[in-house]
Structures are given as C-alpha cells and as structure tokens.
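S.K.: Model the following, please.
(one chain, ligands or ions: 1)
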Amino acid sequence: MKKDNNNNNSSPKGRATFGSRIGLIAATVGSAVGLGTIWRFPAMVQRNGGSAFLLVYILCVLLLGIPVMLGEFSLGRAGQSDPVGVFRKLSPKRPWWLVGLLGVVAAYVILSFYMVVTGWTAEYLVQSVTGDLFRPVDGLEAGSSSMFLAKMNSYISSPVSPVIYTFIMLCVSTGILMLGVQKGIERMSNIMMPMLFALMLIFVFVTLQMPGRDAGLEFFLKPDFSKITSRTCIDALGQAFFSLSLGMGTLITYGSYFPKNTPLGKTAISVSSLTLLVAILMGLIIFPAVMTFGLQGESFDGAALVFVTLPEIFSRMPAPGLWAILFFLLLVVAALTSCISIAEVAIVFIHDRFGLKRRNAVLAVMIPMIPLTTICSLSTGALPELKILGQSVFNFLDTFATNYLLPGGALLMCLYLGWFAPKGLLRNQLTNNGTLRAWYTTPIRLLIKYLCPLLIAMLLLVGS
Ligand code: PHE
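M.R.: You can find the predicted model right below:
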C-alpha cells in the first residue's frame with residue numbers, strides 16, 4: 001500500500017489511488033466485464049427471444065446502470081474509505097454503514113462461487129492446451145453436444161480437479177492483490193483489458209464470415225417489440241446490475257481510489273459503453289456461430305453455453321484447439337479481473353476498519369476462501385448432499401447474491417443518496433466541487449431519487 005502512495009495523485013491522507021485515467025477505466029471495466037457479461041449475457045438473450053432483450057438491457061444500462069454507477073463513484077470518492085467507512089463518515093449518527101456491511105457480505109458470497117467458475121475456465125484452458133477437450137469419449141459421437149456434456153459433467157463433478165484449479169486461481173488473485181492498487185490491479189488491467197478486446201475482435205472477424213451470419217444478426221439485432229415481456233424486463237434489469245458490478249460496493253471502493261480531478265460522468269459513460277460493447281461483441285460472436293451450426297435449439301442455461309455449445313462450435317471449425325485456447329484465455333482474463341474487484345471490497349474493509357497491513361488484509365480475505373470455495377465446488381458434483389434450503393450451496397449462493405443482495409444493496413444506496421445523504425454530495429462529486437460543468441447532474445439526481453428505487457424495488461418484488 002505504501003508504494004501506491006508515491007504518486008502525484010495520492011489523496012492528502014495517503015489513500016491509494018489509480019495512477020492514470022486509462023488505468024482507472026481499465027480496472028473498472030475489468031471489474032465489470034467478467035463471466036456475467038461474456039457468458040451470462042448471451043444466455044439471457046437466448047432465453048428471452050433475442051433482440052428484444054438487447055434493447056431492454058441497453059435501456060436498463062442507461063436509465064439504471066449509469067445513475068447507480070455514478071452514485072457509487074460519488075460515495076466512494078466523497079467518503080475516501082471502504083464501503084462501511086464511507087457511510088460512517090458521511091452519516092456518523094445513522095446505521096447506514098450496515099449497507100456497506102451488506103456489500104462486504106455480498107463480496108464473500110459472490111467470490112465463493114465466482115472463484116469456482118473461474119477455476120472451471122482455467123481447467124478448460126488447460127484441457128484445450130493439452131487437447132484433452134476434443135479427445136473422443138467412448139460410445140459418444142466425436143464433437144457432439146452429448147460428448148461435451150459428458151466431459152463437462154466429468155470435469156465439474158470430480159472431487160479433485162475443480163478444487164485444485166480453484167485453489168490455483170485463488171493463489172493467482174492473491175498474488176495480484178498483494179501487489180496493491182496501482183502495481184497489482186491497475187497494471188494487470190492495463191495488460192489484460194486490451195488483450196481481451198483484441199481476442200474478441202479476432203472472434204468477431206471469424207464468426208462474421210460464417211454462413212449463418214445473417215440469421216444470427218437478425219436474431220440478435222433486429223428489434224421485435226412483440227417479444228418484450230415482464231420477464232424480459234426483470235432479466236435485463238438483473239443483468240445490467242451484475243454486469244456493471246453494481247450494488248455491492250465494488251464501485252464505491254474503486255471510486256475511493258479515483259483522484260479528485262477524475263470526471264465521474266465521463267468515466268461512467270466510458271465504463272458502461274465499453275461493457276455494453278463487450279456484451280454486443282459477444283452476441284456477434286455467439287449467434288452467427290450458433291445459427292451456422294444449427295444449435296439454436298440447445299439449452300444455453302447454466303454452464304452449457306460456455307462449456308458445451310462453444311466447444312461444439314470450435315470442433316466444427318478448422319483448428320478447434322486454437323479457438324478453444326484463445327476463448328478460454330479470454331474468459332480466464334475477464335473472470336480474474338472481476339474476482340479481484342470483488343475481493344478488493346472485503347480487503348479494503350479489513351484494511352481500513354481493522355488497520356491490518358494490505359498483505360495481511362489480503363490473506364484475511366483469501367484464506368477463508370479456501371474452505372468456502374471448496375464447499376461450493378464440491379456441492380456442484382462430488383457431494384450433492386451439501387445443500388442450503390434444498391439447493392446446492394453453489395446455486396443457493398448464486399441466486400441469493402444476484403437476485404437479492406445486489407439489487408437490495410443498490411436500492412438502499414439509491415434511497416440513501418436520494419433522500420438521506422449530506423446535501424450537495426452528488427452535485428459536488430459530479431461537478432468536481434463546482435469546477436466541471438455537468439449538465440446531467442439534475443437528471444441523474446432525479447433518476448437516483450425516484451426512478452431507480454422504484455425499478456429496483458419492482459425487480460425485487462417480482463423476482464421473489
Ligand atoms: N461484473 C462482473 C461480471 O460481469 C461480476 C461482478 C459482480 C463483479 C459484482 C463485481 C461485483 O462478471
């Protein structure tokens with residue numbers, strides 16, 4: 001942490017900051033773009049009948065995502081602390097710090113299952129490198145979905161390898177986190193984010209040459225308003241949250257590392273449009289390929305899209321191994337930068353609240369992750385009897401976090417900012433204390449005060 005302070009952008013109290021605007025955007029996009037954007041998004045599009053979902057998702061990002069993101073950035077930069085410390089500082093006499101604590105709990109919960117999926121993607125990367133992924137299975141047609149399904153089930157339900165791969169990814173994340181905000185998170189994002197975009201562009205280039213291109217593009221892009229249902233809206237709202245890393249204090253934490261002169265509005269626009277771009281690129285990759293190979297009837301739910309449908313597509317392309325390696329590399333990169341941002345919420349909480357050195361705070365978060373991720377991992381296959389309320393631990397934590405903790409956290413943050421925060425907080429942050437002209441300040445304030453809480457409350461009600 002100390003080394004991070006040796007830069008011109010440090011706050012007076014010596015809080016770590018991001019070193020450059022590009023780095024700050026790379027790190028924030030790195031948090032946003034992860035398994036949610038790359039894997040969950042196309043599955044949601046498929047489930048909700050195509051382009052209708054894209055349209056509602058874009059609306060949700062604009063009307064809900066950007067205001068909540070600006071709210072989180074503002075809270076973090078105004079409070080210069082961890083999510084609990086921010087509320088304590090801004091409203092010392094009220095129990096709003098519990099909202100921050102909810103975020104820290106969400107960080108532990110989400111990290112426990114997110115890390116496991118990151119471990120699976122790492123295993124798939126290794127299997128692609130060794131060629132094992134495409135090796136035929138006795139009695140099953142080579143390269144068929146049933147073959148990849150059998151492989152997925154055998155990888156995921158093994159009691160050993162997923163636990164080991166998850167542990168390896170935990171160690172990699174721990175190493176990066178120990179290096180600190182600038183030397184770890186920012187530097188890694190600066191390398192990994194351009195790599196991710198480059199890999200995606202290669203894929204788009206290839207899939208846009210495929211014969212199913214037109215059918216795929218029509219399914220994904222041609223608006224069909226008749227397909228918009230209440231389910232579409234709810235799914236799109238949830239997806240907007242998860243993919244923009246909202247509702248958990250991640251962006252409060254990153255906002256607390258923003259230098260004083262960072263223009264929050266421009267940053268939020270860059271981060272959300274880059275995230276949107278990745279989602280759209282992912283659609284441009286998946287749907288032409290799916291149409292080309294006639295896989296539109298297959299289930300994309302759960303892990304199937306990434307671990308069954310995509311390998312099936314790769315196996316029908318020339319050099320399947322190469323595509324698989326590139327794709328799983330892309331996914332590991334995206335997942336890692338998100339894991340790090342999730343863990344950072346809990347790390348900075350322990351660092352700021354209990355005064356632990358950064359290294360020790362990292363260990364205090366990551367060591368308990370070993371048993372937690374192991375339980376999650378085993379509950380998906382080897383030990384199905386590990387259940388909470390009738391669901392596997394993995395599924396329970398996943399649904400509980402995405403459907404309740406994140407929207408709940410975002411709802412409380414909007415209520416706080418709209419009705420209870422110190423006067424002028426949002427305006428001062430959006431205008432950098434009056435030095436920036438930000439015409440959108442009033443519309444954003446109104447959205448946070450009225451529309452966002454209303455929409456999120458609806459989502460929570462219908463979702464339950
Ligand atoms: N946005 C990440 C993704 O799309 C997940 C995430 C959720 C990260 C909440 C941080 C906080 O994969």
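
S.K.: Show me which residues of the stretch 301-450 of the chain sit near the ligand.
M.R.: Ser338, Ser341, Ile342 (C-beta under 6 Å from any ligand atom). Yep, even glycine has a C-beta here, placed from its N, CA and C like the rest.

S.K.: Which ones among the residues you listed map onto strands?
M.R.: Among these, no residue falls in strands (DSSP state E).

S.K.: and those residues as TSV, adding neighbour count and pLDDT?
M.R.: As requested, these are exported to TSV (neighbours: other C-beta atoms under 10 Å; pLDDT from 0 to 100):
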residue	neighbour count	pLDDT
Ser338	26	94
Ser341	24	94
Ile342	27	95
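
S.K.: which of those residues lies closest to Lys227?
M.R.: Checking those against Lys227 by C-beta to C-beta gives Ser338 as the nearest, at 29.7 Å.

S.K.: quick one, what contacts that closest one?
M.R.: Contacts for Ser338 (C-beta atoms under 8 Å, 6 or more residues apart in numbering) come out as Gly30, Ser31, Ala32, Val33, Gly34, Leu35, Gly36, Tyr114, Ser245.

S.K.: From Leu237, how far out is it?
M.R.: Distance of Ser338 to Leu237, given as C-beta to C-beta, to the nearest Å: 20 Å.

S.K.: now do Ile252
M.R.: Using C-beta to C-beta, Ile252 is found at 20 Å from Leu237.

S.K.: Of those two, which one has the most company?
M.R.: Between Ile252 and Leu237, counting by other C-beta atoms under 10 Å, Ile252 is the more crowded of the two (31 against 26).

S.K.: Let me know the outermost residue of this structure.
M.R.: The centre of the chain is farthest from one residue, Gly139, which by C-alpha atoms, centre = their mean lies 38.2 Å away.

S.K.: Now the closest residue to the ligand within the stretch 201-350 of the chain. Its backbone dihedrals?
M.R.: The minimum distance from the stretch 201-350 of the chain to the ligand, using C-beta to the nearest ligand atom, falls at Ser245 (3.5 Å). Backbone torsions for Ser245, taken as degrees, to the nearest 10, come to phi 60, psi 40.

S.K.: How about the contacts made by it?
M.R.: Counting by C-beta under 8 Å, 6+ apart, Ser245 touches Ser31, Ala32, Leu251, Ser338, Ser341.

S.K.: same check, this time on Leu460
M.R.: By C-beta under 8 Å, 6+ apart, the contact list for Leu460 reads Tyr404, Pro407, Gly408, Leu411.

S.K.: Quick check: of the residues you listed, which has the highest neighbour count?
M.R.: Scoring these on neighbours with other C-beta under 10 Å, the highest-scoring entry is Pro407 at 23 neighbours.

S.K.: What pLDDT does the model give Asp301?
M.R.: At Asp301, the model reports a pLDDT of 62.

S.K.: remind me which residues of the stretch 201-350 of the chain are low pLDDT?
M.R.: The stretch 201-350 of the chain contains residues with pLDDT under 70 at 297-302.

S.K.: Tell me which residues touch Gly321, please.
M.R.: Contact partners of Gly321, counting by C-beta under 8 Å, 6+ apart, are Ser128, Val129, Gly131, Leu133, Phe134.

S.K.: my guess is Leu417 contacts Ala78, does it?
M.R.: No. Using C-beta atoms under 8 Å, Leu417 is not in contact with Ala78, being 10.3 Å away.

S.K.: Which one of the two is surrounded by more residues?
M.R.: Taking other C-beta under 10 Å, Leu417 and Ala78 do not tie; Leu417 has more neighbours (25 against 20).

S.K.: Give the closest residue to that one in space, chain neighbours not counted.
M.R.: Nearest residue to Leu417 in three dimensions, chain neighbours excluded: Gly71, at 4.8 Å (C-beta to C-beta, 6 or more residues apart in numbering).

S.K.: ok, how many other residues are close to the one you found?
M.R.: The tally of other residues near Gly71 (other C-beta under 10 Å) stands at 32.

S.K.: what's the answer for the one 3 residues further on, then?
M.R.: One way to gauge burial is a neighbour count; for Ser74, by other C-beta under 10 Å, it gives 27.

S.K.: same deal with the one 3 residues further on?
M.R.: As a burial measure, Arg77 scores 24 neighbours (other C-beta under 10 Å).
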